[in-house]
Every structure is written in C-alpha cells, then in structure tokens.
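Peer 1: sequence first, then the predicted structure, then my questions.
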Amino acid sequence: MTSQGAVPGSPLGARLAAGSAEPGMARAAGRSDAWAPPDLRRWLQLGLAAIWVLDGVLQSQSFMFTRAFGRMLAGGAGGNPAFLADSVRWVAGIIEHSPVATNAAFATIQLALGLGIAWRPAARAALACSVLWSAAVWWFGEGLGGILNGTASPVNGAPGAVILYALLAILVWPAAGRPAPAAPGTGPDAGPRRAAFAAAGQLGAGAARGLWVALWGSLAFLSVTATSRAAQGLHDMIAGMAAGEPGWLAALDRGAGGALAHHGLAASVALAAVLAVIAAGIFLPARGARLAVGLAVLVSLVIWLVGQDLGQILAGDATDVNSGPLLALIALAYWPLRPAASRPGAAAGAPAERLAPVSFPVPGEAGEES
C-alpha cells in the first residue's frame, strides 16, 4: 500500500520541500539583517555615550555634593557681560542652596544620556536631549566657555567642552532612511577624488565642511587672543595646572610651561597656523584630507595631555573630560571613507562608511559575479 502524500523526488515533492524551506530561509535572513556591525558613525556615537557616562561618574564625586561645587560654577561669571554673569550666578546660587539634590539630578541626567545613546532604540531621542542639555550647561555652567571674557584658548578648553558634545551629537546623528550617497563624480558635492565621511550623513558634505571650518577656524582665532599671546600667557596656563596632579603629570606641566616661558606670542601664532591648516585641509582630496584629520586628532590629544591634564580627572575635581577627546572624535567623523559604490562587491545603496558584504556565485546561476 502506498501513501497518499507526495513521493520523494517527484516534482510535487520538490515543490513542497522548497515551500517548506522558504519560511525557514526567510527567518534566517531576517535574523541576519536584524543586527549589523557598527559603522564609523555608530562607533562615534558609542564614543560620545562613553564620555557622557564618564561625566556622570565624575559628577558623582563627593566634592560635587557640597556647596563648593556651586561656588566653583559661580566663578565662571567673572569678566562676562552682565546678562551672562547674572544668569550664571543665579544657577550657581540654586546649586549651592541644594547641592545634593541638584547634583544627583545632574549625574543622573548624564548617565541617562550616555546609556540612551548606547541603546540603539533610544539613540535619536538621547542625542536630541544631549544637544539641549549641552547648550544649557554651556551657558549656565561654563559661561559660554570664556569666549566673551577674553580667557578662552584651545589649550584650556575653548570654546567650552560641553558645546562640543552638542556638535558631535549633530554630526553623528543616525542616518537611517536617508538616500545613499551618490557615487563619485555623480553628485553635486562629489568628485572623482573626494570621498564621503561620516559627518556628512544628515547634514550633507557641504554643511558638514562648513562646521569643520567654523570650529577649527574659531580655535585658530582663539589661539591668538590677548591672554594666549602674552609673553607668559601659555606658561601660566599650563604650569598652573600642576597643583593636585600626580607627580608625573605635574612634572610634565612644569616642563612644558618652562619651555613656553616668555615665548607666548610665538607659540600662540604657531598653534594658530597649525589650526588654520587643519581648518582648510578638509577641502583637499581624500589623501590630503586624511592628513588634516590625522593632524587634528594628534593636536587634540597633545592639548588634552599637556594643556588640560587629561581633563584633570586625576585631580578629583573634574566635572568632564574637557575638550581634547571631543575634538578628536569630531575629527574622526570627517575621516574620508571610500565610497561604497567604488568598492568591488559593494551593495548598491549601502552606507558609504560601512563595508558592504561580498557575495559569492552559486554554481549553476548564470550572470552573478563575486
């Protein structure tokens, strides 16, 4: 007696087997598409998230829960215009009156921002909140980074570390749903020798380059303000950081400060020239742009070590990591990437900063290429 089902090997059996396999294949494909390795933009988001979490930890230090923290913030009002100084003193007074409650809120917000950016479903909302929180802290907590009272310098953290959090959040905003970048030579901003970069995701390459020039050009300008170009300006700025630092870092401060003694004008002009070269370098072809971005990362890290003492996080009274790491992350967002359309085996429409998977031919299927 034979069964009423399909006979294995028959055409009907083959069709039924294929049909039963299709849902499994679809589920497997769905699982493979559900997660993709982080691209450069996502790594930069995670870098920003890590810094926010570190800031939350620094904000949880015992010093921050005392009235001394409010008095420290009030010091940022000095030398600023009245409209800014009054608002800084007002917020500092609130913090000084209720240091435990306010500082606990600050630490919680910063931790939440970092964790939210790190969690993909909440990344957009957390990045938006990051921009708003950064702008508020830049005004009330940093007094606009000292750019209005003449004390701002790239060496001491100008234009204010926290506003760089906002800029980085904008530059690395998730680009899901945005049309893929045009192939080289086909778009209005593309050329055969110019590659895409992560910061161009939402803003477009032209606007992103404009922000680059504004940032590094302003840093070049702030390098030659009266405070920086004074004969002892950079010496006092760096040597004065030694107090409270570990011995090796204090010795580095004293050595660098001694080398800059009475050479403030020459050193500030040289720094301004380097920063101006960085600002203009983003318009070079890909190879030159990479050199400019690499120089920006190097300068940022040197300033962070020598001029900012790693954000003074080892001294026990830092509220953030200062501007050095943020400048380095911003620079990496402009690292020229090989467009996906020019990569062998790249899938059409793949983001420019993500290496597209390579496909392999299936025996018997004509017309496919590896």
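Peer 2: Okay, I see it. This structure is a prediction, so every number in the text was calculated from the model and none was measured.
Peer 1: residues in contact with the residue lying closest to Q308 once chain neighbours are set aside?
Peer 2: Sequence neighbours aside, N322 is the residue nearest to Q308 in space, at 4.3 Å (criterion: CB to CB, 6 or more residues apart in numbering). Where you see a C-beta, it was placed from the backbone N, CA and C, and this is true even at glycine. With contact set as CB atoms under 8 Å, 6 or more residues apart in numbering, N322 has these partners: 157, 161, 304, 308, 311-312.
Peer 1: what would these look like in a markdown table with distance to L337, secondary structure and neighbour count?
Peer 2: Formatted as a markdown table, these follow (distance: CB to CB, whole Å; DSSP: H, G, I helix; E, B strand; the rest coil; neighbours: other CB atoms under 10 Å):
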| residue | distance to L337 | secondary structure | neighbour count |
| --- | --- | --- | --- |
| G157 | 29 | coil | 26 |
| A161 | 27 | helix | 26 |
| W304 | 25 | helix | 21 |
| Q308 | 29 | coil | 24 |
| G311 | 29 | helix | 22 |
| Q312 | 35 | helix | 20 |
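Peer 1: thinking again about what came up before, next, the residue nearest to Q308: phi, psi?
Peer 2: Phi and psi for N322, reported as degrees, to the nearest 10, are phi 70, psi -170.
Peer 1: before we move on, back to that, could you dump the contacts of N322 to CSV with distance to F221 and pLDDT?
Peer 2: Shown next, in CSV, are the contacts of N322 (distance: CB to CB, whole Å; pLDDT from 0 to 100):
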residue, distance to F221, pLDDT
G157, 15, 92
A161, 18, 92
W304, 20, 96
Q308, 19, 94
G311, 23, 93
Q312, 25, 92
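Peer 1: quick check: end-to-end length of stretch 138-155?
Peer 2: One end of stretch 138-155 to the other measures 17 Å (CA to CA, to the nearest Å).
Peer 1: quick one: average confidence on that stretch?
Peer 2: Averaged across stretch 138-155, pLDDT comes to 92.
Peer 1: ok, now stretch 285-296?
Peer 2: Averaged across stretch 285-296, pLDDT comes to 96.
Peer 1: now it: how far from the chain's centre is it?
Peer 2: 17 Å (CA atoms, centre = their mean, to the nearest Å).
Peer 1: contacting residues around it?
Peer 2: 193-195, 197, 216, 274, 277-278, 280-284, 327-328, 331-332, 334-336.
Peer 1: only alpha carbons, please: show that stretch as PDB.
Peer 2: Extracted in PDB, the C-alpha atoms of stretch 285-296 (Å, rounded to 0.1, in the frame of the first residue of the first chain):
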ATOM      1  CA  PRO A 285      41.400  65.500  -1.900                       C
ATOM      2  CA  ALA A 286      40.900  62.400   0.200                       C
ATOM      3  CA  ARG A 287      44.600  61.800   0.800                       C
ATOM      4  CA  GLY A 288      45.200  65.400   1.900                       C
ATOM      5  CA  ALA A 289      42.000  65.400   4.000                       C
ATOM      6  CA  ARG A 290      43.200  62.300   5.800                       C
ATOM      7  CA  LEU A 291      46.400  64.100   6.700                       C
ATOM      8  CA  ALA A 292      44.400  67.100   8.000                       C
ATOM      9  CA  VAL A 293      42.100  64.900  10.100                       C
ATOM     10  CA  GLY A 294      45.100  62.900  11.500                       C
ATOM     11  CA  LEU A 295      46.800  66.200  12.400                       C
ATOM     12  CA  ALA A 296      43.600  67.300  14.100                       C
END
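Peer 1: would you indicate which residues of that stretch are buried?
Peer 2: 286, 289-290, 292-293, 295-296 (16 or more other CB atoms under 10 Å).
Peer 1: list just the nearest of those residues to R67.
Peer 2: Distances from R67 to the buried residues of stretch 285-296, taken as CB to CB, are shortest for A296 (39.5 Å).
Peer 1: just confirm that closest one is within a helix.
Peer 2: Yes: per DSSP: H, G, I helix; E, B strand; the rest coil, A296 lies within a helix segment.
Peer 1: report the separation between it and A276.
Peer 2: 12 Å (CB to CB, to the nearest Å).
Peer 1: restricted to helices, list the buried residues of stretch 285-296.
Peer 2: Mapping these onto helices (DSSP state H) picks out 286, 289-290, 292-293, 295-296.
Peer 1: present those residues as a markdown table; the columns should include distance to M64.
Peer 2: Listed next are these as a markdown table, based on distance: CB to CB, whole Å:
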| residue | distance to M64 |
| --- | --- |
| A286 | 45 |
| A289 | 41 |
| R290 | 40 |
| A292 | 38 |
| V293 | 35 |
| L295 | 36 |
| A296 | 32 |
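Peer 1: before we move on, the earlier item: out of the contacts of N322, which is nearest to V100?
Peer 2: Q312 (22.9 Å).
Peer 1: that closest one contacts T319, correct?
Peer 2: No: with contact defined as CB atoms under 8 Å, Q312 does not count as touching T319 (9.3 Å).
Peer 1: any idea which helix or strand of the protein has the worst average confidence?
Peer 2: helix 11-34 (a mean of 47; mean pLDDT, DSSP states H and E).
Peer 1: next SSE after it?
Peer 2: The C-terminal neighbour of helix 11-34 among helices and strands, as given by DSSP states H and E, is helix 40-59.
Peer 1: what does the helix or strand following that following helix contact?
Peer 2: Using DSSP H and E, the helix or strand that follows helix 40-59 in sequence is helix 67-74. Residues from elsewhere that reach helix 67-74, judged by CB under 8 Å, 6+ apart: 63, 88-89, 91-97, 99, 103, 140-141, 317.
Peer 1: which stretches of the stretch 251-370 of the chain have low pLDDT?
Peer 2: 339-370 (pLDDT under 70).
Peer 1: done for today, thanks.
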